[in-house]
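K.L.:
Quick one: sequence plus predicted model below, questions after.
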Amino acid sequence: MAKNLEISMLLDFYGEMLTEKQQEVVSLYHNEDLSLAEIAQIAQITRQGVRDSIKRGEATLLEMEERLGLARKFREMETELTKIIACAREIVFEAEEMPRSRPIIEQAKEIERIADKLMD
């Protein structure tokens with residue numbers, strides 16, 4: 001299952017590098033969870049053609065990730081942004097107990113807002 005999620009994510013990043021047919025069959029297989037026979041009927045090719053197209057498409061996606069690492073970098077950034085948001089919330093929580101901490105609270109909330117925006 002994790003492989004399917006990984007390929008789905010790579011498809012989002014590098015799908016345009018595949019042929020239209022590869023994009024279609026890889027998406028149907030990994031995102032829609034269709035069988036090879038169902039995809040063959042939709043794409044009007046043989047089951048073996050579907051399998052070959054999926055394997056070539058997956059290989060291309062994995063090679064692109066190996067070379068560029070965009071999905072890995074995205075996951076790392078998402079993890080770090082989550083930490084930034086947690087720190088900003090902790091700053092707000094602690095600052096609420098301090099007198100004249102309004103500027104600190106406002107700045108921490110702005111950091112949280114920016115990090116949230118980057119996560120979307």
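P.N.:
That came through, no problem. Numbers count the residues shown, from 1 in each chain.
K.L.:
Pro99: what secondary structure?
P.N.:
Using DSSP: H, G, I helix; E, B strand; the rest coil, the secondary structure recorded for Pro99 is coil.
K.L.:
now the helices for the protein?
P.N.:
For the chain, the helices identified by DSSP state H occupy 2-14, 20-30, 36-43, 47-68, 70-95, 102-119, in order along the chain.
K.L.:
mind listing what's buried in the lowest-mean-pLDDT helix or strand in the chain?
P.N.:
Taking mean pLDDT, DSSP states H and E as the measure, the chain has helix 2-14 as its least confident helix or strand, at a mean of 88. Of the residues in helix 2-14, those scored as buried under the neighbour-count criterion (16 or more other Cβ atoms under 10 Å) are 6-11, 13-14. No exception for glycine: its C-beta is placed from N, CA and C like everyone else's.
K.L.:
try stretch 45-63
P.N.:
Neighbour-count burial for stretch 45-63, with 16+ other Cβ under 10 Å as criterion, is recorded at 49-50, 53-54, 56-58, 60-61.
K.L.:
Which of the residues you listed sits closest to Val26?
P.N.:
Out of the buried residues of stretch 45-63, the one with the shortest distance to Val26 is Gly57. That distance is 4.1 Å, counting by Cβ to Cβ.
K.L.:
Would you enumerate the residues in contact with that closest one?
P.N.:
Under the criterion of Cβ atoms under 8 Å, 6 or more residues apart in numbering, the contact partners of Gly57 comprise 18, 22-23, 25-26.
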